[in-house]
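[1] Pasting the sequence and the predicted model now:
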Amino acid sequence: MDSSKAARIAEDGAVALDGRLPVMEAGRELLRKAFPDHWSFLLGELALYSFVLLLLTGVYLTFFFNPSMAEVVYHGSYAPLNGVPVSEAYASTLRISFDIRGGLLIRQMHHWAALLFVASLSVHLLRVFFTGAFRRPRELNWVLGVTLFLLAVLEGFCGYSLPDDLLSGTGLRTAQGIVLAIPLVGSYLQFFGFGGEFPGQAVIPRLYSTHILLVPGLLLAVIGAHLTLVVHLKHTQWAVPGRTNRNVVGMPAFPQFAARSAGLSFAVFGVSALLGGLAQINPIWGYGPYRPDIASTDAQPDWYVGFLEGALRLMPPCEIRVAGHTLAFGVLMPTVLLPGLMFAMLYLYPFFEAWLTGDTGEHHLCDRPRNRPTRTGLGVAAIAFYTVLLLAGGQDVLADTFQVSVNGLNWNLRIALLVLPPLSYLITKRVCLGLQERDRERLIEGDETGDVRQSVEGGYQEDSEPLPAARRYLLLSRDLPQPLAEPRSGGPWVDRLRRALSGWYHGDRVELPARPAERAGARAVTAPPGGEEPERVE
């Protein structure tokens with residue numbers, strides 16, 4: 001078949017398909033879609049390609065893994081465990097690691113990709129938070145992102161528990177205690193999840209179904225909805241000349257963004273392969289099979305659930321009896337109430353900030369974190385809070401490494417948990433205001449050139465040069481809402497609280513000097529869009 005005939009067949013097929021589906025129109029729109037060109041926007045791409053790698057390696061592992069808790073006697077390539085009674089889940093994991101060609105590489109790539117997936121989601125959420133990219137009209141996308149992170153943590157825990165080794169079994173034992181601490185329904189939930197008394201015979205098969213079917217399906221649905229909204233709402237962008245709150249500027253999807261995105265995907269796959277082949281992770285043969293009468297020392301979960309372990313270890317024992325029921329606050333508060341409160345705050349934060357601001361306009365320009373000192377301070381305080389809990393999750397290892405008392409370390413971590421977050425907030429806020437003051441000085445005096453001149457009187461003076469127009473554009477194009485008016489005495493308490501919080505949240509700032517024309521230009525840059533936003537590719 002010659003090339004002209006093949007081209008005609010392809011063209012006829014495309015026309016026939018386009019007559020039934022909007023293929024050409026949708027393809028043309030997508031290929032000319034404007035995508036951001038700043039490196040920080042690739043964090044979401046990093047999470048996406050990590051998830052793709054998880055799907056590919058996970059499908060391979062399902063061919064060989066047996067999610068059964070039935071007991072068998074192990075006879076395989078790992079000699080130290082020959083003749084030892086183990087579960088079929090543990091035996092099949094050993095078989096993948098030592099007897100299946102490439103099995104250990106794929107298994108370790110799967111684990112490293114899971115860590116990279118959750119880590120990139122976390123950093124992506126932080127980028128969105130600190131730049132204010134969650135504001136209208138992207139509140140729903142923020143909610144989807146937090147849901148995606150929650151599902152990723154659940155998916156990671158389920159996969160981590162499947163090998164039925166001593167480390168994952170210790171984690172399941174901890175999870176069982178957490179479930180039992182839930183008032184009234186805890187014992188029923190435990191019987192439902194484990195199929196009877198711990199450890200039962202049903203928990204691994206149920207975790208397996210959840211890990212390969214339920215949560216991945218939800219993840220695919222949420223990722224699809226998230227990407228759809230990203231395309232529909234368009235991306236945020238930094239305030240550089242030519243970019244305003246009323247347009248969208250970026251590189252076209254094809255070929256520029258497609259080439260960059262493809263390169264990132266190859267990098268993710270390549271680095272994961274290197275880690276899988278060179279960096280050992282989760283060596284279950286060293287832990288041994290799970291037995292309920294044995295507790296593993298130095299048992300820490302993967303980092304993304306380490307904060308729960310840390311909260312559990314730092315919480316003093318506390319329980320009360322109410323109406324004949326025991327409320328184990330020593331377990332309930334750090335592992336049920338605390339994470340519930342943390343995720344509730346994450347879900348509600350965009351609406352809380354909008355409530356304080358009273359702003360109903362759209363925002364498509366990224367905030368510089370220094371220009372929102374209160375928000376940035378709250379974010380750093382939350383990171384400090386999480387870091388202390390994460391360290392507390394390994395306090396036994398830290399105590400052994402540094403040869404200090406576990407009890408003394410616990411008390412130091414408890415004090416740090418109460419002191420470090422507010423201290424981090426105050427320091428971060430002062431740093432942000434100091435950086436704003438530095439911006440003010442640069443606008444007035446310009447940038448130092450490094451040249452020093454001696455005056456005729458013998459004094460020395462350093463030369464400076466005016467800021468470039470593009471830099472002045474960036475510094476002055478900031479959208480800072482004004483605090484609400486002072487609360488009226490005798491008004492509704494909710495209104496008074498809102499106005500007081502608005503003053504605390506938006507009151508601290510450094511005013512920047514600008515010429516009248518520059519102020520008018522800055523107002524034009526940050527003005528909310530009216531009607532359809534223009535989109536331009538570069």
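    All right, it came through fine.
[2] where does Gly458 fall, helix, sheet strand or coil?
    coil (DSSP: H, G, I helix; E, B strand; the rest coil).
[3] ugh, wrong one, Gly250
    Gly250 - assigned by three-state DSSP - is strand.
[4] got it, and Tyr425?
    helix.
[5] Walk me through which strands the longest strand seen in the chain pairs with, and which way each runs.
    Longest strand of the chain, by residue count under DSSP state E: strand 447-454. In the sheet, strand 447-454 lines up against strand 460-465 (antiparallel) (DSSP bridges).
[6] Quick check: next helix or strand after the strand it pairs with?
    helix 469-476 (DSSP states H and E).
[7] okay, the next helix or strand along the chain from that next one in CSV with CA atoms only?
    Next helix or strand after helix 469-476 toward the C-terminus (DSSP H and E): helix 493-506. Taking C-alpha atoms only, helix 493-506 is exported to CSV below (Å, rounded to 0.1, in the frame of the first residue of the first chain):
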residue,chain,number,x,y,z
TRP,A,493,-20.8,37.8,68.1
VAL,A,494,-20.0,35.9,64.8
ASP,A,495,-19.6,39.2,63.0
ARG,A,496,-17.4,40.6,65.8
LEU,A,497,-15.3,37.5,65.7
ARG,A,498,-14.9,37.6,62.0
ARG,A,499,-13.8,41.2,61.9
ALA,A,500,-11.4,40.7,64.8
LEU,A,501,-9.8,37.7,63.0
SER,A,502,-9.7,39.6,59.8
GLY,A,503,-7.6,42.3,61.4
TRP,A,504,-5.2,39.7,62.9
TYR,A,505,-5.0,37.9,59.5
HIS,A,506,-4.6,40.8,57.1
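[8] buried ones in helix 493-506?
    Going by neighbour count (16 or more other C-beta atoms under 10 Å), the buried part of helix 493-506 is 498-499, 501-503, 505-506. Backbone N, C-alpha and C define where each C-beta goes, glycine included.
[9] how many neighbours does the residue nearest to Val52 when sequence neighbours are not counted have?
    Leaving aside its chain neighbours, Val52 sits nearest to Ser265 (7.4 Å; criterion: C-beta to C-beta, 6 or more residues apart in numbering). As a burial measure, Ser265 scores 17 neighbours (other C-beta atoms under 10 Å).
[10] okay, Ser265: pLDDT?
    At Ser265, the model reports a pLDDT of 94.
[11] Check the gap between it and Leu338 for me.
    37 Å (C-beta to C-beta, to the nearest Å).
[12] Likewise for Phe191?
    25 Å.
[13] For Arg478, see how far away the residue lying closest to Thr236 once chain neighbours are set aside is.
    Using C-beta to C-beta, 6+ apart and skipping the chain neighbours, the partner closest in space to Thr236 is Ala133 (4.6 Å). Distance of Ala133 to Arg478, given as C-beta to C-beta: 15 Å.
[14] the more surrounded of those two?
    Ala133 (24 against 20).
[15] So which residues of the stretch 251-400 of the chain form helices?
    Ranges of helices within the stretch 251-400 of the chain are 258-278, 284-287, 303-314, 329-332, 338-357, 373-392, 395-402, based on DSSP state H, counting those that start in this stretch.
[16] now those helices as JSON lines including distance to Gly408?
    Formatted as JSON lines, the helices of the stretch 251-400 of the chain follow (distance: least, C-beta to C-beta, whole Å):
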{"stretch": "helix 258-278", "distance to Gly408": "36"}
{"stretch": "helix 284-287", "distance to Gly408": "29"}
{"stretch": "helix 303-314", "distance to Gly408": "13"}
{"stretch": "helix 329-332", "distance to Gly408": "20"}
{"stretch": "helix 338-357", "distance to Gly408": "24"}
{"stretch": "helix 373-392", "distance to Gly408": "13"}
{"stretch": "helix 395-402", "distance to Gly408": "8"}
